[in-house]
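1. Just the structure for this:
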Amino acid sequence: MDIKHRLMNEKPQVWKDFEMCTKDFKKLTVEKIDDKTLFAYKAKYLDVDYAEPYMIYIIFVQLLGFEHTYKPMEKVLYEIPFQYKGYYCVFAMEKFGLKFFINSKDEASLELIFSKIKRATKIVERLLKPIVTESIDNGEVTIENQSGTLRRRYLYFRSRTEKIIFEYNSGELEESISMAERINRKVELKELIIFNTQAMLEAYFSFQEHLLILLLPFANINFKEKKITHLINSSWTQKFNEVFSPAEKPTLMKHFEALRNLKELRNKYAHGGFEKSEGSILPQVEGVGAIPIEMPSNREELFSFTLKKDIDFNESCEIIDDFENYLYASNWSRAIKILEYGIDMRFDKEYILDLKLATESNENLEVFLEKEAYLYERQANMDW
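-> Model prediction:
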């Protein structure tokens, strides 16, 4: 059963709403608009309620069954002619975006047509909700690979912190400003080191949680039993265990524990500066005042009634680097290379089999990446 008849059977009342909303849209052949003077507009630049290109295709082709041409030429994905009352129109999805053609320059007519399509879009979203939910429950999803951007954010704060540390340790300050100014600048730089190290850790664990989700197709998981939405919403610890199973690998377990401790520092500042349990509480001791629950463990760290724990930048970087070096040297290295290539991750069975084959050898990996690059370039450039 095609999607149209399934929706008609499963949601008859909503389908009637859709039919009522779209009753003024009529089928049209390309031949009937050949002699018309049409004006072209880039849809996203119009001052109207914009509908996404995929939704235009679903409404007019999948549900209304309008005639259309699919991949009629290079740089064009589809063309859909139709009539709205007295207006002759065409939607064309081209390389640089959705174009709308109409035999009118009247702005009111544009607004009317697009407002109708927008209302139809909202109805279609209601119609498609069960199908979308079913696809997700079956693991038939694609997740956009944003690991490159998220990693660059982490590297940005890491590089920024390194520059501040260099200034803090350099002797240039001592030659150009007064003692008081040097002390104030040192205090300011130390604070900036802490702030940027916190931002680096926040960015790194954001990147790593994204990476863990992208690695799920490599982890032999049945996505009908373990829902992708549940895995996405799970904690970092649950994601890490689901992908890597560190309890079964002593070396990996050491990395996991080091990262977990580092993440607790990150969590403190991500949750209002509060540590777990009683860690952020200063009990009042009669005759003394407020004291920290945990005494300083570093001999160079002086006792303070308002103890402030710094995050050690070098130690943080060492923990991260050690773990990443382990990954690049492990049997996860080929999977990591696939993600570094920027490939969006599909979770359907067919693609997971392709991924499994690609990670069996360097030769297979090279063939897989070449194929993905070729397909991506064709899609991006609309070279049919």
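2. show me where pLDDT drops low in the stretch 101-250 of the chain?
-> Applying pLDDT under 70 to the stretch 101-250 of the chain flags the ranges 171-177.
3. mind running it again at 90?
-> For the stretch 101-250 of the chain, the stretches flagged by pLDDT under 90 are 106-107, 136-140, 167-186, 220, 222-226, 248.
4. where along it do the strands fall?
-> Secondary structure of the stretch 101-250 of the chain (DSSP state E, counting those that start in this stretch): strands located at 142-143.
5. And the helices in it?
-> 107-137, 147-169, 172-176, 179-214, 228-233, 236-244, 250-270 (DSSP state H, counting those that start in this stretch).
6. If you count contacts, what does the first one end up packed against?
-> For helix 107-137, the contact count by 3 or more Cβ pairs under 8 Å, 6 or more residues apart in numbering; DSSP states H and E identifies helix 3-10, helix 12-21, helix 53-57, strand 87-94, strand 97-102 as packing neighbours. Using the backbone N, CA and C atoms, a C-beta is placed for each residue, glycine as well.
7. Rebuild those as TSV, extending it with mean neighbour count and distance to Arg152.
-> Below are the helices and strands packed on helix 107-137 laid out as TSV (neighbours: other Cβ atoms under 10 Å; distance: least, Cβ to Cβ, whole Å):
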stretch	mean neighbour count	distance to Arg152
helix 3-10	14	39
helix 12-21	14	43
helix 53-57	17	28
strand 87-94	20	30
strand 97-102	18	26
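8. got JSON lines for these, with distance to Thr359 too?
-> As requested, the helices and strands packed on helix 107-137 are exported to JSON lines (distance: least, Cβ to Cβ, whole Å):
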{"stretch": "helix 3-10", "distance to Thr359": "34"}
{"stretch": "helix 12-21", "distance to Thr359": "44"}
{"stretch": "helix 53-57", "distance to Thr359": "31"}
{"stretch": "strand 87-94", "distance to Thr359": "34"}
{"stretch": "strand 97-102", "distance to Thr359": "36"}
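9. now for those, which one comes closest to Leu211?
-> Proximity to Leu211 (Cβ to Cβ) singles out helix 53-57 among the helices and strands packed on helix 107-137, at 27.1 Å.
10. could I have the next helix or strand after the closest one exported to PDB, CA atoms only?
-> Following helix 53-57 in sequence order, the next helix or strand is strand 69-73 (DSSP states H and E). Taking Å, rounded to 0.1, in the frame of the first residue of the first chain, the C-alpha atoms of strand 69-73 are listed here in PDB:
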ATOM      1  CA  THR A  69       9.300  15.400 -13.900                       C
ATOM      2  CA  TYR A  70      11.900  13.900 -11.600                       C
ATOM      3  CA  LYS A  71      15.600  14.700 -12.400                       C
ATOM      4  CA  PRO A  72      14.600  16.200 -15.800                       C
ATOM      5  CA  MET A  73      18.100  17.700 -16.300                       C
END
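11. got the angle between strand 69-73 and strand 87-94?
-> 60 degrees (axes from the mean of the first three to the mean of the last three Cα atoms, to 10 degrees).
12. mind starting the numbering at 50 from now?
-> Done: numbering now begins at 50, and the last item shifts to strand 118-122.
13. what helices or strands is strand 118-122 leaning on?
-> Judged by 3+ Cβ pairs under 8 Å, 6+ apart, strand 118-122 is in contact with strand 125-133.
14. so how far is the strand it packs on off the chain centroid?
-> Distance of strand 125-133 from its chain centroid, counting by Cα atoms, centre = their mean, to the nearest Å, is 31 Å.
15. Quick one: mean pLDDT over it.
-> The average pLDDT within strand 125-133 is 96.
16. Can you tell me what sits against that strand?
-> Applying Cβ atoms under 8 Å, 6 or more residues apart in numbering, the external contacts of strand 125-133 come out as 73-79, 81-82, 102, 105-106, 109-110, 115-121, 137-144, 162, 165, 431.
17. what about Asn187, how many neighbours?
-> Neighbourhood size, Asn187 [other Cβ atoms under 10 Å]: 15.
18. Which residue comes closest to it once chain neighbours are left out?
-> Spatial nearest neighbour of Asn187, excluding adjacent residues (Cβ to Cβ, 6 or more residues apart in numbering): Lys273 at 5.9 Å.
19. Was I right to think that neighbour contacts Glu189?
-> No - checked against Cβ atoms under 8 Å, the pair Lys273 and Glu189 is beyond contact range at 9.9 Å.
20. Which one's more surrounded, these two?
-> With neighbours defined as other Cβ under 10 Å, Lys273 and Glu189 compare such that Glu189 has more, 16 against 10.
21. shouldn't that one be in contact with Tyr400?
-> No - between Glu189 and Tyr400 there is no contact under Cβ under 8 Å: 9.9 Å.
22. what residues do these two have in common as contacts?
-> Common neighbours of Glu189 and Tyr400 (Cβ under 8 Å, 6+ apart) do not exist.
23. before we move on, back to that, of all the helices and strands packed on helix 156-186, which lies closest to Ile232?
-> strand 146-151 (56.6 Å).
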